[in-house]
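Peer 1: sequence and predicted model, in that order:
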Amino acid sequence: MAGASDLPPLVDHHCHGVVSDDPDDETFASYLVESDAPAAPGTTFLDTQLGFAVRRWCPPLLDLEVHCPPEEYLARRRELGAAEVTRRLLGADGIADYLVDTGVTADLTGPAELAAAGGARAHEVVRLERLAEEAADTADTVASFLTALDDAVAEAARTAVGFKSVAAYRHGLDLAPEPPGDAEVRAAADRWLTGREAGDRVTDPVLLRRLLWSAVRTGLPLQLHTGFGDTDLRLDRCDPLLLTDFVRAVQPTGCPLVLLHGYPYHRHAAYLAHAYPHVYADVGLALNHTGARAGEVLAEALELTPFGKLLFSTDAYGLPELYVVGAAVFRGALTRLLSRWTGEGLWSYEDAERVAAMVCADNARRVYGLDRG
Amino acid sequence: MAGASDLPPLVDHHCHGVVSDDPDDETFASYLVESDAPAAPGTTFLDTQLGFAVRRWCPPLLDLEVHCPPEEYLARRRELGAAEVTRRLLGADGIADYLVDTGVTADLTGPAELAAAGGARAHEVVRLERLAEEAADTADTVASFLTALDDAVAEAARTAVGFKSVAAYRHGLDLAPEPPGDAEVRAAADRWLTGREAGDRVTDPVLLRRLLWSAVRTGLPLQLHTGFGDTDLRLDRCDPLLLTDFVRAVQPTGCPLVLLHGYPYHRHAAYLAHAYPHVYADVGLALNHTGARAGEVLAEALELTPFGKLLFSTDAYGLPELYVVGAAVFRGALTRLLSRWTGEGLWSYEDAERVAAMVCADNARRVYGLDRG
Amino acid sequence: MAGASDLPPLVDHHCHGVVSDDPDDETFASYLVESDAPAAPGTTFLDTQLGFAVRRWCPPLLDLEVHCPPEEYLARRRELGAAEVTRRLLGADGIADYLVDTGVTADLTGPAELAAAGGARAHEVVRLERLAEEAADTADTVASFLTALDDAVAEAARTAVGFKSVAAYRHGLDLAPEPPGDAEVRAAADRWLTGREAGDRVTDPVLLRRLLWSAVRTGLPLQLHTGFGDTDLRLDRCDPLLLTDFVRAVQPTGCPLVLLHGYPYHRHAAYLAHAYPHVYADVGLALNHTGARAGEVLAEALELTPFGKLLFSTDAYGLPELYVVGAAVFRGALTRLLSRWTGEGLWSYEDAERVAAMVCADNARRVYGLDRG
């Protein structure tokens, strides 16, 4: 393991589009934290591990010094313009495949634009709750809503490489594990559709479970948000262990469940990936946000997660910087870990290279079938 | 970052007084653990991370060798006498400001004595539960109790720099988030006062919530014990995430909430400080008790906590040694972390110095308004 | 601390027998994980921290190169035969005393065979649930069941060095803390015995509590499984903090409670060992399974656990390799930690050697009375 530059191109199995316009300074900073309020008096969101990581990895790509002051970076960013910045940053992130969650309602670039800007391939991951909300926006009746939803899931399964659920945000992961019964679903749909305004989010646990099981039945990998996220969630209701009974209920179907993020419960996610054959783990979001500490967080995930079951992601959203940082932080963390373990004689070099190939790309290619015809 | 000696003088935003007399050997050792029972057969409380840290940092200040045997240290301590020991230790702790929780009923030195012994400034933090117990000790009726309590909170707010709650000890943090209604409070006060003996502690969750909201309305920073503590608490009911709904309820008021200690849930506290603008975090108690491991614990807190929101404290109590150790362990841990991150090129030296100044003192000065006229 | 070879012989206070026959490749691999299903498609259980640790430590003992390919290792293993492999591996594990949990129903070697193969002493730890199931297998009535059970506990207490409970697996640790009443116990026994088939496991919480308290009354150390284990348990119901009220209820009896494994809640177990005089902690299983990360896991356990209260174990089961790896990983982890802390001047060399002696053997000898007449 000579260094991070020896690692293979990455498959980013969970990310989002970027904004097309130039964000003002405050908007730029707001993408660096999972807070929906302004920074506390006397503080700035740039004084965070992620803020420092952006200043470590991105300035050289805009012809600036490493760690240059934020004002300088933001001025140069505006000077170049969003399109050029995106082109430069995505062109340098070392990512070969983007798996893009297209379910956010914000105005972000789609998979095709992302692929073009990054000189990479893009694949779509369909967010289940978005399908339900779109079906509800147009349905007149419970029956037409459920039909439209089933059609949308089936349609998505034809082109997408996987599904994603944000049930953690909408309700928490303390959901009953089994598929809900039809009468229950109809009653819940009726309650939701009655008086619903366009755009209202699905939060009913029965409907969320219906979505999860619709996806499970397609057999495509199902990504589940767990752990750390913005203030729409309650962190203690996002412990992946709350999914244990759901994991057991899904096991006979063989549908792969991919636990996203997990932090600070990533050891819990690793345990589930260790104990259950269809569970996979990821520490995407956590590496970006913990910056200089990403090596330790990744190492904790690598305690119990079998090496064939850990996936890489950036969870990048809005700023192309987050792709660069997510990839650089991951590569740096992985390289340091493997160097330490081989250096101490605990792992062989061949094994370290093999594991690097797995977590950088091969695991994701296999789980999502990216190389299928 | 040449070394710990380059760090600025510290603001210890959470500590207590020290004993004035010479503790016997067993009493001395009992201050090193959060246990209220004698040590297990064949063991001693000195064989702990904190015990080893005391022997690392304190003997030279009493003219002894580093790591000298406990018997030698304790003999020398008695020879010098408590007053001289306190003067020597506090004089060498590098702390410029003590924020003293004056709410313990044990016979400890007050802020003025501490400031004099340490050649520092002292400020008072008022413990809410103590105010309630004092009001109850003198009140004849529910009405006079509540009036006395309101007066005491208002009076304290005129001179103290903040309030502190030990609701974690008295009930646990699983409290209803909203302010209790007047009728509820009157009924709870009536239950408590009826048959109460002087000194009885307040444990009723309605009264504890009344205390919290009385403090919130003053706008002064409110310190909340979370995590690790003695056997009066149940650790799993002290997870700071149990405060999530309270944090949300307080947010519109802007009142700063300072989550003390947190360990082993310090990553949870860091998340709340990351996600909510009015939340701050501290790892005081945990650094002392984890000694040689303090660097890792501090590093975990520095994953998500924005750098402008982490505060230093010793949580020292009873022994002046705990000030010396708390400050030395913190300085050593911080210096090693910053050296590592700058050495790996992940942080700039300028940023590292700026962050050091923030967490050593500037954050606390700003949050508690210590430099206000 | 010159190196791991300077550490004293180990007392393995929690382990199991090994298989007598040659496992096929799939069976061999299945012993490396806490999963009861085949490995996920495209993955192998050998690509885990434990798999890599086996390949690090065991091949030289079978005359192979460190890190040789699994196929080569398994071929050589079959060539030598199970008896010779067991003799070589146990003969090189550096363990002086095995405390063997004899309560598993699988066909494994007993303490005497283990001691003979390893050139060591063996002692028995009796699993409580096994006693109940054996009593139930032969009893006609509730009264004869309870008498047989009491007799079995009394009989075991005469020869065993301790008891073990797997209540974590059978129900979870969320048990009422106090001893169950007689009527409750009779009713629960009646429910269980009615219609029970031979071999059915005891899962009723009242009966599990009866077992725990039967053991407590003998005064022998009581081992409790906590944390990580196979898919029979729900990890979040194995948090040792769930035992807090039980720990408090047992405290007046003085019966030592030994919290096994604990991972990923090992800091919680350490807290209980810190706060309560009769609680001890262990990180056995976790070190084996986290391999190259064992140093960090051990370090986390050494934050709050008083040094006189941490015990070593391998939790080896089935494969003699797990003894070798458990001992080697522990010795390597402990040596690196002590070298770091002494190297940084935080601990003295004398203290480091003293602590090493405690956790390697002396603590276990004292707690289990191994050197008693």
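Peer 2: Sure thing, it's come through. Everything numeric here is computed off the predicted structure, so don't read it as measured data.

Peer 1: secondary structure class of A:Glu353, three-state.
Peer 2: Look at A:Glu353: counting by DSSP: H, G, I helix; E, B strand; the rest coil, its state is helix.

Peer 1: and A:Asp12, by the same measure?
Peer 2: Recorded secondary structure, A:Asp12: strand (three-state DSSP).

Peer 1: which residues does it contact?
Peer 2: By CB atoms under 8 Å, 6 or more residues apart in numbering or on different chains, the contact set of A:Asp12 is A:95, A:97-99, A:312-314, A:316, A:323, A:326-327. C-beta here means a position set from N, CA and C on the backbone, and glycine is covered the same way.

Peer 1: repeat for A:Pro177
Peer 2: Neighbours of A:Pro177 in contact, by CB under 8 Å, 6+ apart: A:245-246, A:248-249.

Peer 1: likewise A:Glu350?
Peer 2: Neighbouring residues of A:Glu350 by CB under 8 Å, 6+ apart: C:His67.

Peer 1: quick one, phi/psi of it?
Peer 2: Dihedral angles of A:Glu350 (phi, psi; degrees, to the nearest 10) stand at phi -60, psi -40.

Peer 1: surely A:His225 is in contact with A:Ser165?
Peer 2: Yes: checked against CB atoms under 8 Å, the pair A:His225 and A:Ser165 is within contact range at 6.9 Å.

Peer 1: which stretches of the stretch 201-350 of chain A form strands?
Peer 2: All strands of the stretch 201-350 of chain A, identified by DSSP state E, counting those that start in this stretch, fall at A:222-226, A:257-261, A:279-282, A:310-311.

Peer 1: gap between stretch A:203-220 and the chain center?
Peer 2: Relative to its chain's centre, stretch A:203-220 lies at 19 Å (CA atoms, centre = their mean, to the nearest Å).

Peer 1: hang on, I meant stretch A:214-223
Peer 2: From the chain centre to the centre of stretch A:214-223 is a distance of 16 Å (CA atoms, centre = their mean).

Peer 1: next one: stretch A:299-315
Peer 2: Remark: stretch A:299-315 is offset 13 Å from the chain centroid, using CA atoms, centre = their mean.

Peer 1: rounded mean pLDDT for that stretch, please.
Peer 2: Averaging pLDDT along stretch A:299-315 gives 97.

Peer 1: can you check stretch A:61-75 too?
Peer 2: Stretch A:61-75 comes out at a mean pLDDT of 97.

Peer 1: ok, residues contacting it?
Peer 2: With CB under 8 Å, 6+ apart as the test, stretch A:61-75 has contacts from A:25, A:28, A:44, A:46, A:51-52, A:54-56, A:58-60, A:76-77, A:80, A:85, A:88-89, A:92, A:324, B:345, B:347-348, B:350-351.

Peer 1: of those residues, grab the buried ones for PyMOL.
Peer 2: To isolate the buried ones among the contacts of stretch A:61-75 in PyMOL, judged by 16 or more other CB atoms under 10 Å in any protein chain shown, type:
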select buried, (chain A and resi 28+44+46+51+52+54+55+56+58+59+77+80+85+88+89+92+324) or (chain B and resi 347+348+351)
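
Peer 1: pLDDT weak spots in chain A?
Peer 2: Low-confidence segments of chain A (pLDDT under 70): A:1-5, A:373.

Peer 1: chain C contacts on chain A?
Peer 2: By CB under 8 Å from any CB of the partner chain, the residues of chain A that approach chain C are A:239, A:241-242, A:244-245, A:248, A:251, A:267-268, A:271, A:274-278, A:296, A:299-300, A:302-304, A:306-309, A:341, A:344-348, A:350-351, A:354-355, A:358, A:366.

Peer 1: of those, which belong to helices?
Peer 2: Among the residues of chain A next to chain C, DSSP state H puts A:244-245, A:248, A:267-268, A:271, A:274-275, A:296, A:299-300, A:302-304, A:341, A:350-351, A:354-355, A:366 in helices.

Peer 1: circling back to that earlier point, ok, of the residues of chain A next to chain C, which come out buried?
Peer 2: By 16+ other CB under 10 Å, those give A:239, A:241-242, A:244, A:251, A:267-268, A:271, A:274-278, A:296, A:299-300, A:302-304, A:306-309, A:341, A:346-348, A:351, A:355, A:358, A:366 as buried.

Peer 1: sorry, back to before: so which pair among the contacts of A:Pro177 is furthest apart in space?
Peer 2: Using CB to CB, the pair of the contacts of A:Pro177 lying farthest apart is A:Phe246 and A:Arg248, separated by 7.3 Å.

Peer 1: measure A:Tyr349 to chain B for me?
Peer 2: From A:Tyr349 over to chain B the distance is 22 Å, taken as CB to the nearest CB, to the nearest Å.

Peer 1: same thing with A:Asp151?
Peer 2: The gap separating A:Asp151 from chain B is 37 Å, by CB to the nearest CB.

Peer 1: likewise A:Thr194?
Peer 2: Distance, A:Thr194 to chain B, using CB to the nearest CB: 28 Å.

Peer 1: now do the contacts for the residue of chain A found nearest chain C.
Peer 2: When scored by CB to the nearest CB, chain A has A:Gly308 as its residue closest to chain C, at 3.1 Å. The contact partners of A:Gly308, by CB under 8 Å, 6+ apart, come to A:358, A:363, C:39-40, C:42-44, C:47.

Peer 1: got a winner among the residues you listed for most neighbours?
Peer 2: Highest neighbour count within the contacts of A:Gly308, by other CB atoms under 10 Å in any protein chain shown: A:Asn363, with 26 neighbours.

Peer 1: run through the bridge partners of the nearest residue to that residue once chain neighbours are set aside.
Peer 2: In space, and not counting its chain neighbours, A:Asn363 is closest to A:Leu311: 5.5 Å by CB to CB, 6 or more residues apart in numbering or on different chains. Residues in a beta bridge with A:Leu311, per DSSP bridges, are A:Asp282.

Peer 1: number of nearby residues for A:Leu311?
Peer 2: Counted with other CB under 10 Å, A:Leu311 comes out at 29.

Peer 1: the one 4 residues further on now?
Peer 2: Other residues near A:Asp315 number 26, with proximity taken as other CB under 10 Å.

Peer 1: ok, it touching A:His261?
Peer 2: Yes: using CB under 8 Å, A:Asp315 makes contact with A:His261 at a distance of 6.8 Å.

Peer 1: residue ranges of the strands in the stretch 1-150 of chain A, please?
Peer 2: Using DSSP E, counting those that start in this stretch, the strands of the stretch 1-150 of chain A run over A:10-15, A:95-101, A:121-127.

Peer 1: relative to strand A:95-101, how tilted is the shortest one?
Peer 2: I take that to be strand A:10-15. Here strand A:10-15 points in a direction 10 degrees away from that of strand A:95-101 (axes from the mean of the first three to the mean of the last three CA atoms, to 10 degrees).
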